[in-house]
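**Student:** Fold the stuff below for me.
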Amino acid sequence: MGRLRACFRLRRFLETRPPPSSSSPARVPHFSSGTSPFSSAVAVAAAAPHDCRDSGLGSSAYWAWIRAAAEAATAPAPPQDEEEEGLSRYIPVKAYFLSTSIDLKSMQAEHFSDVVPQSTRSLNYIALRYSEFPPEIMDIGVRDNRFCYRYVVVFQYGSAVLFNIADHEAEHYLDMIRNHASGWLPEMRKDDYAVVEKPSLTTWMKGGLDYIALKSVDTDGIRIISSVLGQSIALDHYIRQVDDMVEEFTEINRVMEKTGDFTMKRKKLFQLVGKANSNLADVIIRLGLFDRSEIAWKNSNYAQILEYLREEYELNQRFGSLDFKLKFVEHNIHFLQEVLQNRRSDLLEWGVIILLTIEIVISLYEIIKDSSMMS
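**Tutor:** Predicted coordinates for the structure are as follows:
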């Protein structure tokens with residue numbers, strides 16, 4: 001009903017505007033019976049000739065095109081399945097992990113007018129909102145429909161979650177984020193999800209395969225969903241890094257099994273120690289995997305969404321697997337450190353033995369020399 005109401009308000013607004021100055025009638029495209037009046041009017045606005053659009057939104061030719069589209073788009077009866085199950089809105093969601101750090105302060109300063117005001121004290125993300133329509137259209141009531149907007153939620157640790165943005169449009173927003181990112185990854189990770197807004201639901205939410213259905217979607221719901229998706233795809237990156245470390249130590253153990261020795265240098269071992277510690281710190285501290293959500297704390301509906309998504313993406317289980325692998329790495333590091341320390345101790349002992357041997361040889365030489373002189 002929100003789309004129809006916005007469309008009718010659009011039509012009333014356009015009917016009060018003066019008629020077009022052009023003598024030639026505007027071409028009205030044909031719409032199928034299954035197309036909604038709201039989407040039809042918007043589609044025609046997007047398809048308006050360039051000479052109309054380039055002359056400005058206030059151009060009479062442009063508004064004549066809009067008016068013709070609105071008058072040609074009749075309100076069709078909803079399909080039978082929608083009458084039975086209720087109207088629903090499909091919102092595509094895309095999660096990306098681009099880099100290890102994003103400067104939120106500089107990004108917020110550059111896109112200040114698009115930033116959604118924070119509802120919590122969290123400082124590790126910002127939410128940006130972009131309109132699909134020009135300001136003149138948004139001012140006549142389309143803003144009642146929340147998903148005339150596109151949302152981009154950016155996290156300090158390197159994740160970005162895009163709502164209501166098509167695949168071919170995502171790269172534009174990712175380039176915008178890359179301008180404020182550091183520690184770029186050689187391969188960007190991506191995950192697809194979906195939100196279905198369905199007011200006819202008898203419960204607040206309902207889970208499905210790669211989607212979640214909600215009775216209502218607002219900015220706090222977007223924040224909750226983004227937090228889990230951002231953590232999940234970032235966790236994939238750290239799990240892969242730890243897997244590479246496990247594979248490296250596994251190869252070292254295979255070589256030791258065959259040769260009884262290993263050739264790793266002390267510097268390389270210390271680098272692995274630092275990498276393992278930084279990965280664990282990033283997962284716990286920067287990702288905030290176990291931090292309390294203020295939004296979920298204040299509203300049980302959002303707590304239900306958070307709990308479902310954390311279970312759906314198995315965040316606790318995956319962290320448990322990551323922690324187990326890091327303990328394996330830590331055990332191997334301790335073992336190799338002891339081996340290297342023993343090697344160093346053996347080297348020092350051999351140095352002492354050599355020095356003692358030299359001292360004994362010198363002492364024997366002096367004794368022999370003194371005895372020969374006395375004789």
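**Student:** helices and strands around the helix or strand where residue 366 lies, which ones?
**Tutor:** Residue 366 belongs to helix 315-374 when assigned by DSSP states H and E. Contact here means 3 or more Cβ pairs under 8 Å, 6 or more residues apart in numbering; DSSP states H and E; on that basis helix 315-374 packs against helix 219-259, helix 266-281. From N, CA and C alone the C-beta is placed, and that goes for glycine too.
**Student:** Of the ones you listed, flag the one that's most buried.
**Tutor:** helix 219-259 (a mean of 18; mean count of other Cβ atoms under 10 Å).
**Student:** ok and it relative to helix 266-281, angle-wise?
**Tutor:** 150 degrees (axes from the mean of the first three to the mean of the last three Cα atoms, to 10 degrees).
**Student:** now helix 219-259 and helix 315-374, what's the angle there?
**Tutor:** Going by the same axes, to 10 degrees, helix 219-259 makes 40 degrees with helix 315-374.
**Student:** How far does helix 219-259 sit from its chain's centre?
**Tutor:** Offset of helix 219-259 from its chain centre (Cα atoms, centre = their mean, to the nearest Å): 15 Å.
**Student:** Now do the top strand by length along the chain against helix 219-259, angle only.
**Tutor:** Longest strand in the chain by number of residues, with DSSP state E as the criterion: strand 181-197. If you take the same axes, to 10 degrees, strand 181-197 sits at 120 degrees to helix 219-259.
**Student:** So which other helices or strands are in contact with strand 181-197?
**Tutor:** By 3+ Cβ pairs under 8 Å, 6+ apart, strand 181-197 packs against strand 89-102, strand 211-214, helix 219-259.
**Student:** Paired strands for that strand, with orientation please.
**Tutor:** Sheet pairing of strand 181-197 (DSSP bridges) gives strand 89-102 (antiparallel), strand 211-214 (parallel).
**Student:** do you know which of the ones you listed lies nearest residue 237?
**Tutor:** strand 89-102 (5.3 Å; Cβ to Cβ).
**Student:** Could you list the buried residues of that closest one?
**Tutor:** For strand 89-102, a neighbour-count test (16 or more other Cβ atoms under 10 Å) marks 89, 91, 92, 93, 94, 95, 96, 97, 98, 99, 100, 102 as buried.
**Student:** These into a markdown table, with extra columns for pLDDT and distance to residue 247?
**Tutor:** Output for these, formatted as a markdown table (pLDDT from 0 to 100; distance: Cβ to Cβ, whole Å):
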| residue | pLDDT | distance to residue 247 |
| --- | --- | --- |
| 89 | 88 | 44 |
| 91 | 93 | 39 |
| 92 | 94 | 35 |
| 93 | 96 | 32 |
| 94 | 96 | 30 |
| 95 | 96 | 26 |
| 96 | 96 | 26 |
| 97 | 96 | 21 |
| 98 | 92 | 25 |
| 99 | 92 | 24 |
| 100 | 91 | 21 |
| 102 | 95 | 29 |
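**Student:** ok so, going back, as a markdown table, the helices and strands packed on strand 181-197 with distance to residue 301 would be great.
**Tutor:** Shown next, in a markdown table, are those (distance: least, Cβ to Cβ, whole Å):
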| stretch | distance to residue 301 |
| --- | --- |
| strand 89-102 | 17 |
| strand 211-214 | 9 |
| helix 219-259 | 8 |
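**Student:** now for the ones you listed, which one comes closest to residue 149?
**Tutor:** Nearest to residue 149, of these and by Cβ to Cβ, is helix 219-259 at 9.4 Å.
**Student:** circling back: may I ask which two of the buried residues of strand 89-102 are separated the most?
**Tutor:** Pairwise over the buried residues of strand 89-102, using Cβ to Cβ, the maximum falls at 89 and 100, 34.7 Å.
**Student:** and residue 172, helix, strand or coil?
**Tutor:** Under DSSP: H, G, I helix; E, B strand; the rest coil, residue 172 falls in the helix class.
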